[in-house]
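1. coords below, sequence missing:
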């Protein structure tokens, strides 16, 4: 009797442990703890006076402070420079609410904002888990959740950048899951929700829209309805996404008397990546400084400033096409490996942590490529939506500026592709065994 009781208890404990291990909430909980632990660890290493101000010394912090004080969406560099369309609206408005409750540029506001970023980042485990489960199986889903839970940029960036980056990562994985769900169950309410979600994603980070046409194309071929019905439903998705963005577009048109769908800063970003400081034969040897650009922005105003930067960037690209292509290639390497000279910088790094980060970047690139190859070999059913993020999303950064932070919104999908690569050989072997048993 005692042996039976012990066996029952052991079986129950084993079953409970298995359910916990296979649950998406386990990697989510660990991911959240890791992000919060890093936040408080870093917070102890910085003076409170600096921590209350320095994380907000950027465009998002400036606009959020203006909103919190009732000045409107303006004052891009904490100066009275008037309205701006430099940023997408959602995250500055979100940060302004934190400022109103916990104070503008306070250490409490920093911890709250960074904790929310950590929560957004950890929450990406859930859509990632269910997307992986639909693409593969439960094992792939568990692996994807754990890869994202320990993903270094996912742990570091929520505290390092008070920006929309972590929220964008959550939305990118949610949009991917929404695409997969819609293909499996194409009901009218789901098309409506998908269109509204897409529009909200664009208002957080317009770069997420790079994958949107490929999602729609994949859905068109996956849906089993008649061609006319498919086109109607996908047109409904597109119209709803545009309608969500329309009020902000109208606001920009009223303020700046030109069409600015969401944000206006692309000419400046293009110029930052393509200007005479990269030309060794140029007579313009002064480095770009934030002070000088802010002074020029305040002097010209946002519209003229961006027009000048766009004109200068186009002229430089026309005059130096080979150089700009070489710069784009260097930025592509930096976007994926963290620096344009990864092997040299890896050898020079004195910190073991930095070396591990370099190694992880290389592993991420290899895992992403292996995952795409596995999807290509397995029948290509999910190749297009998963390839859209790593292939299309980074393209604009190859010609502007490149950093791991800018790539970060698609990192959850990279984690999923790494899970595909890690579990594919086992799922293939399992399928072979099952076929032999038959």
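-> Everything's here; your move. The model shown is predicted, which means the values in this text are computed figures rather than measured ones.
2. Now do the contacts for the residue lying closest to residue 38 once chain neighbours are set aside.
-> Leaving aside its sequence neighbours, residue 38 sits nearest to residue 155 (Cβ to Cβ, 6 or more residues apart in numbering; 5.3 Å). Just so you know, the C-beta spots here come from the backbone N, C-alpha and C atoms, and that holds for glycine as well. Residues near residue 155 by Cβ atoms under 8 Å, 6 or more residues apart in numbering: 34, 35, 38, 121.
3. again, only using 10 Å
-> Contacts for residue 155 (Cβ atoms under 10 Å, 6 or more residues apart in numbering) come out as 31, 34, 35, 36, 37, 38, 39, 118, 121, 122, 149.
4. Between all of these, which two are separated the most?
-> 39 and 149 (15.5 Å; Cβ to Cβ).
5. Closest one of the contacts of residue 155 to residue 52?
-> Of those, the one sitting nearest to residue 52 (Cβ to Cβ) turns out to be residue 39, at 14.6 Å.
6. count of neighbours near that closest one?
-> By other Cβ atoms under 10 Å, the residues close to residue 39 number 20.
7. Which one (most neighbours) among the contacts of residue 155?
-> residue 121 leads those on contacts (other Cβ under 10 Å) with 31 neighbours.
8. per-residue confidence for residue 416?
-> Residue 416 carries a pLDDT value of 97.
9. Just the element for it, please.
-> Secondary structure from DSSP states H and E places residue 416 in helix 411-437.
10. quick one: residue 331 and residue 396, what's the gap?
-> Counting by Cβ to Cβ, to the nearest Å, the gap from residue 331 to residue 396 is 10 Å.
11. Which strands and helices lie in contact with whichever strand or helix holds residue 331?
-> For residue 331, the enclosing helix or strand under DSSP H and E is helix 321-337. Applying 3 or more Cβ pairs under 10 Å, 6 or more residues apart in numbering; DSSP states H and E, we find helix 321-337 packed against helix 266-273, helix 302-319, helix 342-348, helix 352-377, helix 395-398, helix 404-407.
12. Show the average pLDDT along stretch 403-410.
-> Here the average pLDDT along stretch 403-410 is 94.
13. no wait, stretch 115-125
-> 98.
14. And it, how far out from the chain middle?
-> Mean C-alpha position of stretch 115-125 versus that of the full chain (Cα atoms, centre = their mean, to the nearest Å) differs by 12 Å.
15. how about that stretch: buried residues?
-> 115, 116, 117, 118, 119, 120, 121, 122, 123, 124, 125 (16 or more other Cβ atoms under 10 Å).
16. Please flag which of those residues sit within helices.
-> Mapping the buried residues of stretch 115-125 onto helices (DSSP state H) picks out 115, 116, 117, 118, 119, 120, 121, 122, 123, 125.
17. For the stretch 1-150 of the chain, just list every one of the helices.
-> 2-21, 25-43, 48-51, 59-68, 90-102, 107-123, 125-135, 138-149 (DSSP state H, counting those that start in this stretch).
18. Taking helix 107-123 as reference, get the angle to the fifth one.
-> What it means is helix 90-102. 140 degrees (axes from the mean of the first three to the mean of the last three Cα atoms, to 10 degrees).
19. what angle sits between helix 90-102 and helix 59-68?
-> Using the same axes, to 10 degrees: helix 90-102 against helix 59-68 is 60 degrees.
20. Who are the packing partners of the lengthiest helix in the chain?
-> Using DSSP H, we find that the single longest helix of the chain is helix 227-256. With contacts taken as 3+ Cβ pairs under 10 Å, 6+ apart, helix 227-256 sits against helix 165-184, helix 188-204, helix 212-222, helix 302-319.
21. Buried deepest among those, which one?
-> Among those, the stretch with the highest mean neighbour count (mean count of other Cβ atoms under 10 Å) is helix 165-184, at a mean of 23.
22. wait, isn't residue 140 in contact with residue 423?
-> Yes: using Cβ atoms under 10 Å, residue 140 is in contact with residue 423, at 4.5 Å.
23. so what sits against both of these two?
-> Common neighbours of residue 140 and residue 423 (Cβ under 10 Å, 6+ apart) are residue 132.
24. List the residues that contact residue 303.
-> Residue 303 touches 82, 85, 255, 256, 257, 258, 260, 264, counting by Cβ under 10 Å, 6+ apart.
25. Turn the helices of the stretch 1-150 of the chain into CSV, columns for distance to residue 187.
-> As requested, those are arranged in CSV below (distance: least, Cβ to Cβ, whole Å):
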stretch, distance to residue 187
helix 2-21, 30
helix 25-43, 27
helix 48-51, 48
helix 59-68, 37
helix 90-102, 27
helix 107-123, 25
helix 125-135, 16
helix 138-149, 24
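26. Of these, which is nearest residue 233?
-> So among those, helix 125-135 is nearest, using Cβ to Cβ, at 19.8 Å.
27. So for that closest one, what gets flagged as buried?
-> 125, 126, 127, 128, 129, 130, 131, 132, 133, 134, 135.
28. Could you name the helices and strands sitting against it?
-> helix 25-43, helix 138-149, helix 165-184, helix 383-387, helix 411-437.
29. could you give the angle of the helix holding residue 331 to helix 266-273?
-> Going by the same axes, to 10 degrees, helix 321-337 makes 100 degrees with helix 266-273.
30. returning to that earlier point: what residues do residue 331 and residue 396 have in common as contacts?
-> 402, 406.
31. contact partners of the helix or strand encompassing residue 291?
-> Assessed by DSSP H and E, residue 291 sits inside helix 290-300. Helix 290-300 is contacted by residues 57, 76-82, 84, 86, 268, 271-272, 286, 289, 304-309 when judged by Cβ under 10 Å, 6+ apart.
32. Could you do stretch 345-364 as well?
-> 147, 150-153, 156, 334-339, 341-343, 367, 390, 404, 407, 411, 414-415, 417-418.
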